[in-house]
Every structure is written in C-alpha cells, then in structure tokens.
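[1] Here is my input, please return the structure:
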Amino acid sequence: MGFRALHLVRPFLALLPEIDSPVYKVDFNERIMWTVGSLIIFMVMSQVPLYGIVSSDSSDPLYWMRAISASNRGTLMELGIIPIVTSGMILQLLSGARILHVDYSLKEDRALFSGAQKLFAIVIAVIHATITVLNGLYGNPKEIGTTVCVLLVGQIVAASFVTMLLDEILQKGYGFGSGINLFTAVSTAVNIFWKVLSPTTVDVGRGPESEGALIALFQLLTKRSDKARALIDAFYRPHLPNVMGVLSLLAVFAVVVYLQGFRVELSIKSNRMRGQRAQYPIRLLYTSSMPIMLFSTMTSNILMISHMLYQRFGTNPVVQLLGVWEPLEGSNQLFAKSGIVYYLSPPRSILEAILDPVHTLVYALIIITVSALLSKTWMEISGSSVRDVANELKEQQLVIVGYRESSMYKELKRVIPVAASFGGAILGAVSVVADISGAVGSGTGILLCVCIIYQYFEMIVREQMESGASLDSMMSGKLQ
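    Numbers count the residues shown, from 1 in each chain. Below you'll find the predicted structure:
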C-alpha cells in the first residue's frame with residue numbers, strides 16, 4: 001500500500017491512552033450510570049477555577065465559541081470541547097476530500113485515524129492554551145511569571161485531555177451518544193437556565209436588578225409603582241437577559257422540535273423476508289445540527305484570530321480590514337464594528353438589525369448559504385451519502401417498493417441531497433432569527449441544544465425497544 005500521511009501517527013500510538021471497547025453488552029442502567037458519571041466530572045471541571053489567575057477583566061477572545069464549545073472562562077473547562085471538535089472537523093474534511101487517505105474497512109486505519117484525532121486535539125489544546133495565556137487573559141504574563149504561565153497551560157491541556165477520554169468512554173458504548181453532544185447540550189441548558197432564573201443582582205445604572213429574566217420581571221413589578229414602565233423594562237432591558245428573549249427562546253425551541261418531525265418516508269420491503277414492509281424516514285434536518293456547529297466553529301475561530309490580532313496590531317491596515325473592534329458600552333468585551341468579521345457576526349438586537357440592514361442581509365445570506373453547503377458536504381463525507389445509504393439497503397437486502405434494486409440509487413438521490421441542503425438552509429435561517437430577536441442562549445446554542453436533546457430522547461427510546469423484533473423496529477433508528 002506504500003507510505004501515507006496517516007502512518008506518521010504510528011510512533012505516537014503507544015503514548016496515547018485508549019479506552020477499550022466493552023467485551024460484554026453494557027445494559028441500559030449501566031450506560032445511564034456511565035453517562036451521568038461522565039457528565040458530573042465535566043460539570044465539576046466547569047466550576048473548578050484555574051490556579052494562578054491574577055486578573056480576568058480583559059476581553060474574552062473565546063466569547064463567540066462559548067455557546068458551542070461547552071467552555072467556561074477561568075475554569076478547567078476554559079477550552080471545553082474546542083480541541084476535540086476542531087480536530088475531528090479538520091481531519092474529517094481532509095478524509096472526505098481524499099487529501100488524507102483512510103480505509104475505514106481496515107482496523108489499522110481506523111486506529112491510526114482515531115490516534116491522529118487525539119494527537120491533533122492535544123496539539124490544538126496546547127496552541128490554544130499558550131496563546132490564551134500569553135495574550136494576557138489571566139493577567140500580564142510578565143507579572144505572573146513563567147512558572148505560573150506554564151502551570152496555567154498545563155491545567156488547560158490536562159483538562160482537555162480528560163474531556164477527550166470522557167467523550168471516548170461514551171462513544172465506545174459504555175454510555176449514550178458522545179461526550180461532545182452531551183456536554184454541549186447540558187452546558188447550553190445550564191446557561192439558559194441561569195439567564196432565565198438567576199437570582200444574582202447586577203447594577204446597570206438604575207439600581208440592582210436580578211440577572212434572571214423571569215426573576216427580574218417579578219422583582220420590577222413588585223418594587224415599582226409604574227407597572228407599565230416596569231413591564232417595558234423587563235421585556236426590553238438591553239444589557240441583561242429580558243422576557244422577550246425568553247419568549248424568543250420558547251418560539252425557536254418549538255420551531256426546531258416541529259421541524260424534527262418533517263420527513264419523507266420511503267416504503268421499503270425485504271427480499272429476504274417476504275411480506276415484511278416498513279417506512280424508511282429521510283428527515284428534513286438530515287444532518288441534524290452539524291451544519292450550524294461547523295459554521296459556528298469556523299466563524300468563531302476567525303473572530304477569535306481577528307480579535308487577538310487587533311489587540312496587538314490594531315493600527316495595521318490588513319488587520320483593520322479583517323476587523324475593527326470596540327468595547328461594548330459598560331463592558332470590557334470587544335465586538336467587531338467593521339471589517340470582514342463584522343459581517344460574520346450576528347446583529348445583537350432587532351434595533352441593531354434595523355439600523356444596519358446591509359449587515360443583517362449579508363450575515364443572513366452567508367449563514368444560510370454556507371449552512372446549506374456544509375450540510376451537503378457533511379452528508380458526503382460522514383457516511384450518509386446517497387451511495388452509502390443505497391449500499392446499506394442492498395447489504396440488508398432491502399429495496400424501495402415500486403423500484404428495482406438498480407434504480408434505488410436514483411430515487412434516493414432525488415430526496416437525500418435536497419433534504420440535506422434545504423435542512424441546512426432552514427437551520428441557518430432559524431439561527432439568524434433567534435440571534436436578531438435576542439433569544440436567551442444565542443441562536444446557535446439553542447439549535448444545538450434542541451437537536452441534541454431530541455437525538456438523546458430517540459436514542460433512549462430505541463434502547464428500550466426490543467432489538468430486531470420486526471423490520472419496522474429495525475428501521476426506526478435510521479438516519480438520525
């Protein structure tokens with residue numbers, strides 16, 4: 001077969017720990033235990049502060065990645081799942097584009113590819129952590145000293161490594177789903193819960209107000225004599241979560257759950273068991289939340305790079321072309337005000353969207369178009385393309401009713417690519433509406449959370465069904 005780039009990983013395989021696949025069938029209760037245990041470890045690391053932080057008042061370069069990365073500033077989960085997601089995304093794209101040749105039918109290639117993902121994730125964690133520390137996120141590096149800087153980097157990388165192992169435990173079959181999805185959904189849900197019901201008070205210039213939108217609603221109505229003004233403040237307060245954001249959250253949640261039910265059901269029959277028929281579902285959201293996750297990961301990395309470059313080389317014309325940043329009123333957090341990255345970031349409110357319609361339109365066109373393209377691309381490289389589905393049905397001796405086996409590919413091609421592209425575009429549009437309406441948790445975060453929770457619900461339901469009872473039960477879990 002000759003030498004390939006993947007073979008460069010071989011010398012490192014012995015150094016990379018690996019979770020062995022279970023040698024027995026892990027029952028439902030045990031999988032629940034492993035899943036909950038992994039989640040508890042992750043949540044604890046999300047609250048344990050990094051040792052050695054002097055100051056955390058500077059602008060956060062990872063601000064735009066928090067919604068999709070299950071990260072928490074200043075804690076062991078500073079990077080969250082960023083290294084794992086970035087590593088997996090890049091290597092999957094390289095593999096799908098045939099730049100990195102991987103034969104998934106070979107056990108050795110699968111092991112090498114898995115090792116490459118781990119190794120690349122560690123390298124990304126080291127780079128991210130080093131840049132974050134040297135950029136002064138926890139204090140001036142000269143003031144905190146080399147030893148503390150190294151210690152900070154070590155803590156972040158070690159936590160990322162533990163997160164990677166937790167994800168592998170779940171994916172190997174000890175738990176449900178993947179750690180990436182679980183941690184993202186729970187982190188987003190906790191963030192939403194806190195913004196809706198947080199009792200913490202914040203002074204925004206008109207006296208202390210509760211951070212939680214619903215808590216603030218009752219607080220303002222009980223403390224103010226002007227009830228109409230209190231309602232207006234509770235629904236539209238600009239710098240804290242408001243009731244309108246909660247209503248937008250509920251609306252987006254309902255829309256995404258509704259879209260999950262859209263599907264085209266192809267009637268199939270078995271050549272092996274005559275008389276057995278079932279429905280093969282092709283979902284509208286064929287690639288689920290993956291296009292939004294890919295888009296957000298790419299744009300967030302671009303925003304982060306522009307943010308850090310502007311802080312160090314703000315007078316450089318090329319850096320300014322990429323993005324000019326200014327702090328938000330009453331905050332140290334920088335936001336793009338012009339440049340290329342300005343059009344990659346969403347409007348933060350309906351008023352801002354109306355005042356700058358060009359920004360709103362360009363951003364909407366970018367996210368809708370790119371999400372559609374990414375969804376179709378992911379379909380091709382993730383093993384769920386038209387040809388992959390056709391081959392899977394043929395291997396199980398299943399055919400679409402009314403079609404010959406030779407023409408099954410054409411019928412699937414008529415449905416699957418349209419579902420992938422159109423579904424990705426719809427998710428992009430929903431994300432735009434959620435961001436503009438100020439939905440609590442951000443459009444991307446809500447979409448990821450809803451799609452992942454829905455997947456877990458279906459996964460657990462399938463686990464409780466008797467496997468192989470009929471063709472219908474066999475097909476019920478296809479194409480999540």
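[2] mind listing the helices for the stretch 101-250 of the chain?
    Secondary structure of the stretch 101-250 of the chain by DSSP state H, counting those that start in this stretch: the helices cover 107-134, 141-169, 179-197, 213-223, 227-236, 243-260.
[3] of those, which approaches residue 295 most closely?
    helix 179-197 (14.7 Å; CB to CB). The C-beta positions use only the backbone N, C-alpha and C, and glycine is treated the same way.
[4] Report the angle between that closest one and helix 141-169.
    Relative orientation of helix 179-197 versus helix 141-169 (axes from the mean of the first three to the mean of the last three CA atoms, to 10 degrees): 120 degrees.
[5] Next, the buried residues of helix 179-197.
    179-189, 191-192, 194-196 (16 or more other CB atoms under 10 Å).
[6] and what of stretch 17-37?
    Within stretch 17-37, the residues scored as buried using 16+ other CB under 10 Å are 19, 31, 34-35.
[7] quick check, nearest of the residues you listed to residue 341?
    Among the buried residues of stretch 17-37, and counting by CB to CB, the member closest to residue 341 is residue 35, at 37.3 Å.
[8] Helix or strand: which one has that closest one?
    Secondary-structure assignment from DSSP states H and E places residue 35 in helix 28-45.
[9] and residue 321, how many neighbours does it have?
    13 (other CB atoms under 10 Å).
[10] how much space between it and residue 345?
    16 Å (CB to CB, to the nearest Å).
[11] Then residue 119?
    32 Å.
[12] the more surrounded of these two?
    residue 345 (20 against 17).
[13] Now do the contacts for residue 372.
    Shown in contact with residue 372 (CB atoms under 8 Å, 6 or more residues apart in numbering): 291, 421-422, 424-425, 428.
[14] Please tabulate the helices of the stretch 101-250 of the chain in CSV, including the columns distance to residue 315 and mean pLDDT.
    Listed next are the helices of the stretch 101-250 of the chain as CSV, based on distance: least, CB to CB, whole Å; pLDDT from 0 to 100:
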stretch, distance to residue 315, mean pLDDT
helix 107-134, 20, 89
helix 141-169, 22, 93
helix 179-197, 36, 90
helix 213-223, 40, 89
helix 227-236, 38, 88
helix 243-260, 37, 90
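[15] Closest one of the buried residues of stretch 17-37 to residue 104?
    Nearest member of the buried residues of stretch 17-37 to residue 104, counting by CB to CB, is residue 19, at 19.1 Å.
[16] Need the three-state assignment for the closest one.
    coil (DSSP: H, G, I helix; E, B strand; the rest coil).
[17] show me what contacts the closest residue to it other than its chain neighbours?
    Nearest residue to residue 19 in three dimensions, chain neighbours excluded: residue 168, at 4.6 Å (CB to CB, 6 or more residues apart in numbering). Counting by CB under 8 Å, 6+ apart, residue 168 makes contact with 18-19, 179.
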